[in-house]
Each structure stands twice: as C-alpha cells, then as structure tokens.
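Chemist: Sequence first, predicted coordinates after that:
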Amino acid sequence: MPYDFKSIEDKWRRRWRESDLYLTRVDPSKPKFYYLDMFPYPSGYLHMGHVRNYVIGDVIARYRVAKGYNVLHPMGWDAFGLPAENAAIKHGIHPQKWTFDCIANIRRQFDLLGISFDWSREIATCTPDYYKWTQWFFVQLFKHDLAYRKKAPVNWCPSCQTVLANEQVKGGRCERCDTPVIKKDLEQWFFRITAYAERLLQDLELLTEWPERVKIMQRNWIGKSEGLEAEFPIKGKDISITIFTTRPDTIYGATFIVLAPEHPLTLELVKGTPLEQEVREFVEKVKLRSEIDRTAMERKKEGIFLNCYALNPFTKEDIPIWTADYVLYEYATGAIMAVPAHDERDLEFARQYGLPIRIVIQPPDNALKEEELQTAYTEPGIQVNSGIFNGMWSEDAKEAIIRYAEDQGIGKRKVYYKLRDWCISRQRYWGAPIPMLYCPKCGVVPVPEDQLPVLLPEDVDFQPTGPSPLARHHSFPFTTCPYCGSEARRETDTMDTFVDSSWYFLRFTSPKEDKAPFDKQAVEYWMPVDQYVGGIEHAVLHLLYSRFFTKFLYDIGLVSFPEPFLRLFTQGMITLGGSAMSKSRGNVVTPEEICEKFGADTARVYTLFIGPPDQDAEWSERGVEGVFRFLNRVYRIFEENFSLYDPNWRVKIEGMSDKEKRRITHSTIKKVTQDIERFHFNTAIASLMEFTSSIYDWLQEANKDEKWRVCFSEALEMLVRLLAPFAPFMGEELWEKLGNKDSIYLQQWPSWREELLQTETITLPVQVNGKVRGTITVPAEASDEEIKEEVLRQERLRQYLEGKEIKKMIIVPKRLVSVVVDN
RNA sequence: GCGGAGGUGGCGGAACGGAAGACGCGCUGGACUCAGGAUCCAGUGGACAUUGCGUCCGUGCGGGUUCAAAUCCCGCCCUCCGCACCA
C-alpha cells in the first residue's frame, strides 16, 4: 500500500473531531504548561506564513503533553477590526457575518492541519460575552484615573478615517494601510500607560526568557531620559519658559531658546506685534505637515525669531527666543535651550540663522574653537566658560549643576519618557463601544457595571465620514443617565482592538465565566503563559499593552503576577519571492493546496524543516517534495516490515542487543528531545531523516535474527513516537498499525539511556601543528598515555613526527589529539 | 545617525573553541524498469594529483589571541529589520 495520506488524514481528522482528545486535562499531580500562540485576526484564510506559527506551537504542546504536563493550548479570534468593516462597505456584508465566515474558514484550516487546539475554550473578542469584560476593564481603568479624555494633537489616518495610537504609526505612516498620517486636534480617550512607564521599563529585567531585541525595542520605545528642567524667565514679562535638557553640563553654552510651534507661548509672545501674522502662518504650516514631511531626510530646519529674550539663569545673559519646527511639542516641555556647540541639531540651526555658538566643554586632548567647529562636540570633556563649574569633568558637572539649580530654585531634576499615553478611541463601528455617557448634570460618567455590555447595534451605516458611524445611529447615542435620569448621550467611539487583545490570554483560562472577566483560581493556576509565540511585529504594540494591563490588574488585586508572558519566542516570516506572503502581492501559498498535493503532515514538517524558526525563510516547493519523500520512506518502512515488528521487544531486548543499533536509536531520542527543547526543529527533523536512513540500512542486512528484530522493533517504535508531534496523522496511523489502542498523543515521551550512547572504541583525528594528519582508533576509556603511544605507533603519522621534537601533545577527551612539534 | 540581526558549497541550511559543509534541494553516475519526473545505491566546496594512501586553498574583508577560530578580540565592507530632530 502506498502512502495514501488523504485517507489517513481524513480518518484521523474525523476521529479527533469526534473525541475529547484535545480537551485540556488537569491532573493535580502534574505540572502545568500554558502554551499560547498570538491569536489571529480572522481576515479570510491562513497562508503558510501563519501556519508556521501554529505548527511550532502544536509541536511544543504535543511534546509537553507527552512529557507529562497539563497543557493549555487554546485558540481564539482577535475579531474586531477594520478589515471586517471595510469588507462590509465594499461588499455589503455585515461585519459580523464577514467575521464569522472567516472564522469558520480558518477554523477549518486549523483542523485540516491537525493542530491540537482545545476548541471548547474558543473565544472571539467581538462577542458580547467577551467585550462586556473589555468594557468592564475600561470602567476599572476610568475609576482608577487611568482612562481619561483630553483634546490633543492625535494621529489621524485619512484613509482609515480614524485616530491611531503612537505605536500604530510606523515611519509616519498608518501601520495598517501605509497612508501618511496627519495630526488632528481632537478630543479622545486615552489610557494612562505613562503612569506605568517606569515599571514597564524596570520589569523588563524580569523577562529573562524574552529575546533581547524585543526588550531593547520596548526599552527604546519607553525612552527614559534623565536631566534637568529649568526655568528661563522671559525678559519684560512675568512668566518664564520651562525647558528640559539631558545635558545640564552645557547650560552655559545655551545661546538661544527654541519653542515648539505648537507651544502656547509661541503665539502669546508675538500677540499684537507686527510678527503675529507671520508666526501664525508658520505655526499653521507646521501643524498641517504630515509626520513624513516633518521627518523627511535632507529637510531643512525652519524657524522664526520671536523678537523676545529670555534670561539664561546661569550666565545671566539675555538670549533670543525662537520658534522652530525641529522642536517637538509632544515631548517634555516642548521647549529647549539650544546649545549649538554641543548639539548637532542646534548647531545646524544656529549656522543657518547666524546665531551665536559658545563652547563650554573642551575635549581632554585639544582645544576647539567656535569658528572652526565642523560638528558639535557631544562627548564628555572639561568645563570651560562655565562660571564656578570651570575645570570640572562634564560628567560630574551634570550632577553638580542639577544640584545647584535645585538650591537656587531655578530648576529641578526630572525624568521624561518618550512613551505617550495610549490613544484608544476609534471613530469606527466594528469594535467594543466605549462604555461612557455624557450627562448634562453628572458629566462624563461610566455605564454602571451591571448594565454592561453596551451592545453594538447591528443596523448601522458603516460609511466612514469622520465621526464614528455609531453617532449616526437612530437610537444608540440616546439614553438616560443611570445616576440622575436626565437625557444623556452615549460615547459613540469604539475601542482600539489592541484593548481586546490585552487580556485575552486571561480569558482562555476560564472562557465561560460570566460573573467576572475570568475565574480567579483558573487564572492563578494557568498564568503566566509559559511559552508565548508570535511575530516580531508586536514587539512594542500588543506586548507592551498586555504588560500594562497585567500590571494594572496586579495593582487592583485581580492577578498576583506582574508579567503575563514568561517565555517569548518570535518566529520569522515565510517569504515567497523574497517578501512576506500577502493577498495583495499575490504570492500566497495556502495550506489547502499543500495538503491536497502532499498532505498535512508534509505541510507541517516542511514548515519546520525550512530553517531556524526565528529567521525568515523562503518557501520552496522542491523542499516540500523532499519532505514528502521522507515521509513516504518512513511509511514504507512500516508498511513493508510490520511482520518483523515484535511488540514484546521491550522485555527481550536486555542482554541480546545490538549495541550499534541501540546507540543510533537512543542518540536520536536524545537529539530530537534536546532540539525540541531549544526550538531547533529543523535539526530535529534532520536527525529523524538520518535515523530513517539507518533503519533502511539495517533492512539490507541478510541475517534478521531475534537480536536484529528486537532492535529493529525498538527503532520503529521510537521513530513513530519521535515523529508524532511533527506529523501527528502519520504518528497515529503507524502507532495504531503497531497494534496500539490508545492515541499516540497520550503516550509518554521516550527517554534515552545514556549508557547506550557509549561506543567501545573511538576514532580521534590527530593534528600535527594544527593540521589533521591522520586518525587513531582507541578504546573509549583509553588513558592519555595509551593515546600517546597509539599516536607514535601510527605509520601515517610517523613521517610528520619522525626526527622532530614533540613539544606538546594536547588530548581533548573524545574529540581529538593535537601534537605540536618543532619546525 | 542610533540600536539590533545576519554574511558558510549551485541553493535552503549544519557545526559545546576541536576533522567546516549534518540534513534537504539540485546535479552526476549506476541499479531496477517498455518507460520514468517512481524507487534504491554511489558521488557531489575549489584547485592540483588521480599508481594508492593524497597536497594546497577555502566560512564577507584585514589584523590578532590560541596547539587549534565559522565560532573569541580589534578595525573595516555589505544586507536586512526597528527607531529616527525625543533636547
């Protein structure tokens, strides 16, 4: 019988569906293991790029079950979001129907691939029993003053017709549709994630099992800066400008002040002066510029002198006040002291507008001159022109100047973060409604918890026009205040979908809980997630938001752990033609076509064999064929040799074993086990291929006696058990054909016997002066003395050693011998 | 500019400081076949030698440490990714 993967896979797919095999088991005597894949946005179908993620997870989950863990391996749907709404606009299908159609399709694809999800725990973020709790969390955040509304310049995507969080703007473009983002002054809801900036930064230290690069990206995103906040009084007015600097040591070199165009003082300082019109136009121009124009390379800095002066509190000099587009209003105080001698940007601006430059730090070895300065000197050095701080090492002066400023009451030590509050309002329909009300008497109030969820109405005109589609609904916005009974209006914006996914990992522990977002006991049992796997694209988005949520829940006593994900693995993309698979590029390979041609097991094994899972890999149909051949070979060994299998090999094998065969079998068990542990699936499969070739060699042997048969039987059984997590359909099929009744899924993972790995003799390469000149074969336990003798005895080595003085002989146990001779 | 990852045969990729190129693809030759794009066996980094066993060169480039470097150190080059006027 040839390898008829279709009927085999259909058969097991059906059996698994009809059984409870993949339901989560909790045996109190066993340790727990929560394995989680980032749940997908159901946008139609999965391609092989997605599949890699879930196959990795399935191997780990199956392996952990076999290792005797209670495994939680759930799957759900990040089901709110724009694509559903866009599809609805385009094709006239309701987002809900579109979403659930997609879910059904992807769910079918998962089953096609034989992924061992516990579907009894399936969740979708767009169902009221889920988003009720998303809203509930919003209310908790609001009650703890961590959700608030403010008018601020926010990122607006003109294509998606909604605001975006900072994290969702990539290089000035919308993360989702690549449209250049513009700034708009809008009243929006924010989560005060900045209140957690320090802890989100500090606790990265706890995440020892996270990839360094993800932690670095989060660290950079949080962007902590320590420095001095100082007051520069405005000449002739009763107010001062607050600036922030990380270089207090350069404060004597501050020769002018720059306000961000949006800074309120910018217009105020020129009000009623001939400059007003010009400055107003400048500010408007800068505001309208997209992030891209503003950060474009080669862009010239632009600014205007405001015809005002401020007092540098250290030099007591009057320095001009400017406004310029290179100062950002959103960061720190939106105003800077400009030190052209020691800051690249200030230097560029000063040169452009002919502003004074003063050196206040000299490098230790030579003396710079203002007029010769090619680039700003930003390194540490010795203070000059710095009053009482002259002669000090600049690194020390930083501290001294901060202290001095604090003593004199002109400034204070200050820490700023680049991290901004998380803007979570979205002017779109397909999301969880923000559960807030506007009452003319009570003000902005939350919907009482017992009235949640605020249901998303179904009969809505989705056309995006700027405000949320919910605002145009005939009844949704209108309600009565639950506190005073007045006529009130509902908030009509919905929440960013990243809010939905900031707590889903908790819901999986008790998805049916209806009194609370999750069952506390279940969360305490399963959480934190032991292994989390997903794409690198969420390094600062989802992963930062989820950490923030978890910390908030920790603070209000709902969970006892400070971090949600213990171990993180970020897998690489699968590319075709050098770029990620995507529908718009038309370079998609779907699981259906591979399963149709080669079967699910081949699809699975190939996505693992393709290369190291943390790196991108190019899809190759030739490679798929190679894996298909391998599985065929495995199948044939069994199919053609069942008669040689002895189910009682275990009791017979001691005392009559073929050491070399058992060594191969046991070293394969060891290699595959260790490779799974360290996520080296490609080499695990390579060693299974080698193992299979070895077994083929054994079949060539003429004498298939009892000894041969028991070793062969052990090998067959180990081969199928080691292969099963990778190719579960074939695993079950061959396991059954070996006469087993229980699913292979429930079998204990094989262990190797270390003593069987030893050989009696070993062959060691012998180097002479660093070059391999021959080999020796000695007993495995040979002493250094015996090895030495054997080296000298070797005919081949004699020509290299004869007549030379042996200066050194290095013997690396079980690896090699290195001889150093004169000349 | 800053930060990160990476550069190994024709290709994807293996290699606790210890025989570079496992495994797979491709290619070459052979076996079995009416036939094979099925299967099996053998070979496959380069140059030279091929009357053996071989010799030399090879992991982006240049140095260094070491008995021994793809691996460690120093200095460059290139590719990809993230951040990007954050004061």
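Modeler: Thanks, I have the structure now.
Chemist: Surely A:Lys583 touches A:Leu46?
Modeler: No: at 11.7 Å, A:Lys583 and A:Leu46 do not qualify as touching, with contact defined as Cβ atoms under 8 Å. In short, each C-beta sits where N, CA and C put it, glycine included.
Chemist: Between these two, which has more neighbouring residues?
Modeler: Using other Cβ atoms under 10 Å, the more surrounded residue of A:Lys583 and A:Leu46 is A:Leu46, with 24 against 11.
Chemist: Tell me if I am right that A:Gln140 is in a helix.
Modeler: Yes: the assignment for A:Gln140 (DSSP: H, G, I helix; E, B strand; the rest coil) places it in a helix.
Chemist: got a list of what it touches?
Modeler: The contact partners of A:Gln140, by Cβ atoms under 8 Å, 6 or more residues apart in numbering, come to A:552, A:556.
Chemist: how about 10 Å then?
Modeler: A:146-147, A:446, A:449, A:517, A:552-553, A:556, A:558 (Cβ atoms under 10 Å, 6 or more residues apart in numbering).
Chemist: I'd like to know which of these are part of strands.
Modeler: Using DSSP state E, the members of these that fall in strands are A:147, A:446.
Chemist: And the contacts of A:Gln140, which of them are buried?
Modeler: Buried residues within these, counting neighbours by 16 or more other Cβ atoms under 10 Å: A:146-147, A:446, A:517, A:552-553, A:558.
Chemist: near RNA strand B too, which of the residues you listed?
Modeler: Contacts with RNA strand B within the buried ones among the contacts of A:Gln140, as defined by Cβ under 7 Å from any atom of the strand: none are present.
Chemist: nearest to RNA strand B, of these?
Modeler: RNA strand B lies nearest to A:Leu146 out of those, by Cβ to the nearest atom of the strand, at 21.4 Å.
Chemist: Which residue, other than its chain neighbours, is closest to the closest one?
Modeler: Nearest-residue entry for A:Leu146: A:Arg192, 4.5 Å, with adjacent residues in sequence omitted and distances by Cβ to Cβ, 6 or more residues apart in numbering.
Chemist: check contacts around the one you found.
Modeler: A:Arg192 makes contact with A:141, A:144-148, A:421-422, A:548, A:552, according to Cβ under 10 Å, 6+ apart.
Chemist: residues in the stretch 251-400 of chain A within reach of RNA strand B, list them.
Modeler: Listed as neighbours of RNA strand B in the stretch 251-400 of chain A under the rule Cβ under 7 Å from any atom of the strand: A:260, A:294-295, A:297, A:299, A:301, A:325-329, A:331-334, A:336, A:343, A:345.
Chemist: Buried subset of these, written for PyMOL?
Modeler: Typed into PyMOL, the next command selects the buried ones out of those (criterion: 16+ other Cβ under 10 Å):
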select buried, chain A and resi 260+325+326+327+329+331+332+333+334+336+343+345
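Chemist: Tell me how many other residues crowd the residue of the stretch 601-750 of chain A found nearest RNA strand B.
Modeler: The minimum distance from the stretch 601-750 of chain A to RNA strand B, using Cβ to the nearest atom of the strand, falls at A:Gly626 (2.7 Å). When neighbours are counted by other Cβ under 10 Å, A:Gly626 registers 15.
Chemist: same check, this time on A:Phe137
Modeler: 23.
Chemist: Check the gap between it and A:Phe565 for me.
Modeler: When Cβ to Cβ, to the nearest Å is applied, the distance between A:Phe137 and A:Phe565 equals 18 Å.
Chemist: how about A:Pro570, secondary structure?
Modeler: Check again: residue A:570 is Thr, not Pro. When the structure is split into helix, strand and coil by three-state DSSP, A:Thr570 lands in strand.
Chemist: Now do the contacts for the spatially closest residue to it that is not a sequence neighbour.
Modeler: For A:Thr570, ignoring the flanking residues on the chain, the nearest one in space by Cβ to Cβ, 6+ apart is A:Ile536 at 4.4 Å. When contacts are counted by Cβ under 10 Å, 6+ apart, A:Ile536 is found next to A:211, A:213-214, A:217, A:543, A:570-573, A:614, A:616.
Chemist: Give the burial count for A:Thr375, as a bare number.
Modeler: Other residues within reach of A:Thr375, judged by other Cβ under 10 Å, total 8.
Chemist: just A:Pro248 next, same as before
Modeler: A:Pro248 is surrounded by 26 other residues when neighbours are defined as other Cβ under 10 Å.
Chemist: isn't it right up against A:Val360?
Modeler: No: applying Cβ atoms under 10 Å as the test, A:Pro248 and A:Val360 come out as separate, 11.1 Å apart.
Chemist: residues touching A:Glu639, list them.
Modeler: A:1-3, A:632, A:734, A:737.
Chemist: Return a ChimeraX selection command for the buried portion of those.
Modeler: Selecting the buried subset of the contacts of A:Glu639 in ChimeraX, with 16+ other Cβ under 10 Å as the burial test, is done by:
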select /A:3,632,734
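Chemist: Could you find the closest non-adjacent residue to A:Val627?
Modeler: A:Val627 sits nearest to A:Tyr606 (Cβ to Cβ, 6+ apart), 4.3 Å away.
Chemist: What strand or helix carries that neighbour?
Modeler: helix A:600-609 (DSSP states H and E).
Chemist: so after that helix, what's the next helix or strand?
Modeler: strand A:617-618.
Chemist: and that following strand, what other elements does it pack with?
Modeler: Secondary-structure packing of strand A:617-618 (3 or more Cβ pairs under 10 Å, 6 or more residues apart in numbering; DSSP states H and E): strand A:574-576.
Chemist: And the strand it packs on, how far out from the chain middle?
Modeler: Its chain's C-alpha centre lies 19 Å from the corresponding centre of strand A:574-576 when counted by Cα atoms, centre = their mean, to the nearest Å.
Chemist: all strands of the stretch 301-450 of chain A, in order?
Modeler: With DSSP state E, counting those that start in this stretch, the ranges of strands along the stretch 301-450 of chain A come out as A:303-311, A:318-324, A:335-338, A:361-362, A:382-383, A:411-417, A:422-423, A:425-426, A:436-439, A:443-446.
Chemist: Dump the ones you listed to JSON lines, plus mean pLDDT and distance to A:Leu275.
Modeler: Shown next, in JSON lines, are these (pLDDT from 0 to 100; distance: least, Cβ to Cβ, whole Å):
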{"stretch": "strand A:303-311", "mean pLDDT": "95", "distance to A:Leu275": "6"}
{"stretch": "strand A:318-324", "mean pLDDT": "96", "distance to A:Leu275": "10"}
{"stretch": "strand A:335-338", "mean pLDDT": "96", "distance to A:Leu275": "18"}
{"stretch": "strand A:361-362", "mean pLDDT": "93", "distance to A:Leu275": "34"}
{"stretch": "strand A:382-383", "mean pLDDT": "94", "distance to A:Leu275": "36"}
{"stretch": "strand A:411-417", "mean pLDDT": "94", "distance to A:Leu275": "29"}
{"stretch": "strand A:422-423", "mean pLDDT": "94", "distance to A:Leu275": "34"}
{"stretch": "strand A:425-426", "mean pLDDT": "92", "distance to A:Leu275": "37"}
{"stretch": "strand A:436-439", "mean pLDDT": "96", "distance to A:Leu275": "40"}
{"stretch": "strand A:443-446", "mean pLDDT": "96", "distance to A:Leu275": "39"}
